[in-house]
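Student: next come a sequence and a model predicted from it.
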Amino acid sequence: MIEISGLRKAYGKKTVLDGIDLSVAAGSVTALLGPNGAGKTTTVHILSTLVRPEGGSASVNGADVVKNPNAVRAAIGLTGQFSAVDGLLTGEENLLLMARLRHLGSSRAKQRTAELLEQFDLTEAARKPLSTYSGGMKRRLDLAMTLVTSPSVIFLDEPTTGLDPRSRHTMWDIVRSLVADGTTVLLTTQYLDEADELANRIAVLDGGRIVAEGTPAELKRLVPGGHLELQFGSASDAAKAQGLLTDSTLDELTLSVPGGGVGALRSVLDRLDAAGLEVDDLSIHTPDLDDVFFALTGEKK
């Protein structure tokens, strides 16, 4: 649904995109993850025809973003970092305005507005001024306006920035529902848990380049950091276990052992069993997207 090849963009002497390649399958969520200035928003702006690339190519729904921008615009919806709703209008008026701008016609505009108000749980607030809306309500309205024409591809540029946890989870549920109906989503975010929750695939951008790409599970396997945590019933058993497992660290009754795979777990338990030591509880800790982000982008915790 989205194809990018060798995409380049610079502002003056600052290279923002340095030849990136990316493919996004239909009906999936792909997340662009990276620090500020990595090129995430520039990529979205090029794909949505707001910015012209200086090299490479990009197409959306089979249409080239440079050669056929009108076809691209007809296929997409864009929700930017900042809410695009009109604060002087009600929620219903905002949706009606967008519907008329997209040439839906009076009857269809009213019908589509009613559908979206219900879908986004805004019916009761439809005729209230936006000054009475919470941040989460404004963000839902913003996304609803993006969906007036039921686009096949949606770009979400940091859609939950500034939202409280409940509102973020509500937005996640909405995105999942859209994807279940066949919509393709390209998401930019700095929230690692958001990428982990929503994305089928993640591309990590740093310095204008894609430094890693894969499923969340594949990316987590790229970095070390897995360990086992073993809980013992007595301090003496924990100390004996530490003596057997020389790379381990002990914190009261909990022993941390490097290695997070099934093989490492089996080996540790076999050694403890041979020594007559019982483990009261255990857990396997694997690297998360925080570890991936810091390892691949050079950012510091």
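Tutor: Arrived safely, thanks for sending.
Student: you'd agree G135 is up against T170?
Tutor: No: at 11.4 Å, G135 and T170 do not qualify as touching, with contact defined as CB atoms under 8 Å. In short, each C-beta sits where N, CA and C put it, glycine included.
Student: give me the more crowded residue out of these two.
Tutor: Set side by side, G135 and T170 show more neighbours around T170, with 19 against 14, by other CB atoms under 10 Å.
Student: residue contacts, the nearest residue to the more buried one once chain neighbours are set aside?
Tutor: Closest residue to T170 apart from its sequence neighbours, by CB to CB, 6 or more residues apart in numbering: G136 at 6.3 Å. With contact set as CB atoms under 8 Å, 6 or more residues apart in numbering, G136 has these partners: 163-164, 166-167, 170-171.
Student: list phi and psi for G136.
Tutor: phi -70, psi -40 (degrees, to the nearest 10).
Student: mind listing the strands for the stretch 1-150 of the chain?
Tutor: Taking DSSP state E, counting those that start in this stretch as the criterion, the stretch 1-150 of the chain carries its strands at 2-11, 14-24, 29-33, 55-60, 63-64, 76-79.
Student: of those strands, flag the one that's most buried.
Tutor: Per-stretch averages of neighbours, counted by mean count of other CB atoms under 10 Å, single out strand 29-33 among these, with a mean of 26.
Student: how big is the angle separating the worst-scoring helix or strand of the chain on mean pLDDT from strand 29-33?
Tutor: Counting by mean pLDDT, DSSP states H and E, the weakest-scoring helix or strand in the chain turns out to be helix 289-297, with a mean of 79. Helix 289-297 and strand 29-33 meet at an angle of 60 degrees, taking axes from the mean of the first three to the mean of the last three CA atoms, to 10 degrees as the criterion.
Student: from here on, count from 2
Tutor: Sure, I'll start counting at 2 from here, so that last one is helix 290-298.
Student: kindly export helix 290-298 (C-alpha atoms) in PDB.
Tutor: Extracted C-alpha coordinates of helix 290-298, given in PDB (Å, rounded to 0.1, in the frame of the first residue of the first chain):
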ATOM      1  CA  LEU A 290      11.600  -1.500  22.800                       C
ATOM      2  CA  ASP A 291      13.200   0.900  25.200                       C
ATOM      3  CA  ASP A 292      16.400  -1.200  25.000                       C
ATOM      4  CA  VAL A 293      16.100  -1.400  21.200                       C
ATOM      5  CA  PHE A 294      15.600   2.400  20.900                       C
ATOM      6  CA  PHE A 295      18.600   3.300  23.100                       C
ATOM      7  CA  ALA A 296      20.800   0.700  21.500                       C
ATOM      8  CA  LEU A 297      20.000   1.600  17.900                       C
ATOM      9  CA  THR A 298      19.700   5.400  18.100                       C
END
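Student: secondary structure element for the spatially most central residue of the chain, which one?
Tutor: The geometric centre of the chain, computed from its C-alpha atoms, lies nearest to A196 (CA atoms, centre = their mean), at 2.9 Å. Taking DSSP states H and E as the criterion, the element that holds A196 is helix 193-199.
Student: would you mark the buried spots in that helix?
Tutor: 193, 195-199 (16 or more other CB atoms under 10 Å).
Student: which one among those sits at the bottom for pLDDT?
Tutor: The lowest pLDDT within the buried residues of helix 193-199 belongs to L193, with 84.
Student: that one against L34, yeah?
Tutor: Yes: in this structure, L193 is within contact of L34 by CB under 8 Å, at 7.2 Å.
Student: R141: how many residues sit nearby?
Tutor: Taking other CB under 10 Å as the criterion, the count of residues near R141 is 25.
Student: contacts only, for it.
Tutor: When contacts are counted by CB under 8 Å, 6+ apart, R141 is found next to 121-123, 171-172, 175.
Student: now do K221 against G227, distance only.
Tutor: Between K221 and G227 the distance is 9 Å, computed by CB to CB, to the nearest Å.
Student: what about L290, neighbour count?
Tutor: Applying other CB under 10 Å, we find 22 residues neighbouring L290.
Student: separation between the closest residue to it other than its chain neighbours and A236?
Tutor: Of all residues not flanking L290 in the chain, L193 sits nearest, at 4.1 Å (CB to CB, 6+ apart). Spatial separation of L193 from A236 under the definition CB to CB is 36 Å.
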